[in-house]
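Trainee: Build the 3D model from these lines:
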Amino acid sequence: MTDSGAGARVDQPVLGPIPDPTQSGGRLGRTARFVVLAVVGVLVALAMAGWGYVMMSARGNPEALSQVISFEVGGPDSITVTFQVTKPEDRAAVCRVRAMDSRQAEVGARDVTVPQGSSAVQLTERLRTSAPAASGHVQYCYLVQ
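Mentor: All right, here's what the predicted structure looks like:
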């Protein structure tokens, strides 16, 4: 054969071999990538746990806990809720007392201030409701200065 000057015949691509899609690409294999991602994940989790510990240590963990002792529906427009709040003696707290109807919709609510001076306080609150109440509960309590 004679060379016509159009170029030599090439048996492989000019820019390099075509990678096999069944093989893992890049410099790292699947196992190495998994190990790198696992190490990064563990480091991120440790950093988050450390930050949470620092924030909790700096602020402490004071809390106000509530427990409903009883509730009594006083007709179509009121409910009486008796509850206990446990908190630090030297702190006051505010608790949100709610009245709920049979579909768990709020029909009455009020914020109640729990004074400082005692760590366990029992309170009885009467709430006006916009519709007949089926239950009463304390939604939350938080400490105030």
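
Trainee: Ramachandran angles for Val39?
Mentor: phi -60, psi -40 (degrees, to the nearest 10).

Trainee: residue boundaries of the helices in this structure?
Mentor: 30-59 (DSSP state H).

Trainee: quick check: domain ranges of it?
Mentor: What automatic domain parsing lists as the domains of the chain is 26-61, 65-144.

Trainee: So, low pLDDT: which residues of the chain?
Mentor: Low-confidence regions of the chain, defined here as pLDDT under 70, cover residues 1-7, 10, 12-13, 19-28, 56-61.

Trainee: tell me the centre residue of it?
Mentor: Central residue of the chain (Cα atoms, centre = their mean): Gly52, 13.2 Å from the mean position.

Trainee: Tabulate the domains of the chain in JSON lines, adding columns for distance to Ala8.
Mentor: The way it works is simple: take the backbone N, C-alpha and C, and place the C-beta from them, glycine included. Listed next are those as JSON lines, based on distance: least, Cβ to Cβ, whole Å:
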{"stretch": "domain 26-61", "distance to Ala8": "32"}
{"stretch": "domain 65-144", "distance to Ala8": "81"}
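
Trainee: Need the winner for burial among those.
Mentor: domain 65-144 (a mean of 16; mean count of other Cβ atoms under 10 Å).

Trainee: Quick one: residues contacting the closest residue to Gln139 other than its chain neighbours.
Mentor: In space, and not counting its chain neighbours, Gln139 is closest to Arg96: 4.3 Å by Cβ to Cβ, 6 or more residues apart in numbering. By Cβ atoms under 8 Å, 6 or more residues apart in numbering, Arg96 lies in contact with Ala109, Arg110, Asp111, Val112, Val138, Gln139, Tyr140, Cys141.

Trainee: between these, which is closest to Ser130?
Mentor: Nearest to Ser130 among the contacts of Arg96: Ala109, at 10.2 Å, using Cβ to Cβ.

Trainee: Give me the distance between that closest one and Ala133.
Mentor: 11 Å (Cβ to Cβ, to the nearest Å).

Trainee: quick one: common contacting residues for these two?
Mentor: Ala99, Leu127.

Trainee: bridging residues for the closest residue to Gln122 other than its chain neighbours?
Mentor: Excluding the flanking residues, the one nearest Gln122 by Cβ to Cβ, 6+ apart is Gln84, at 4.8 Å. Applying DSSP bridges to Gln84 yields these beta-bridge partners: Gln67, Gln122.

Trainee: Alright, that wraps it up for me.
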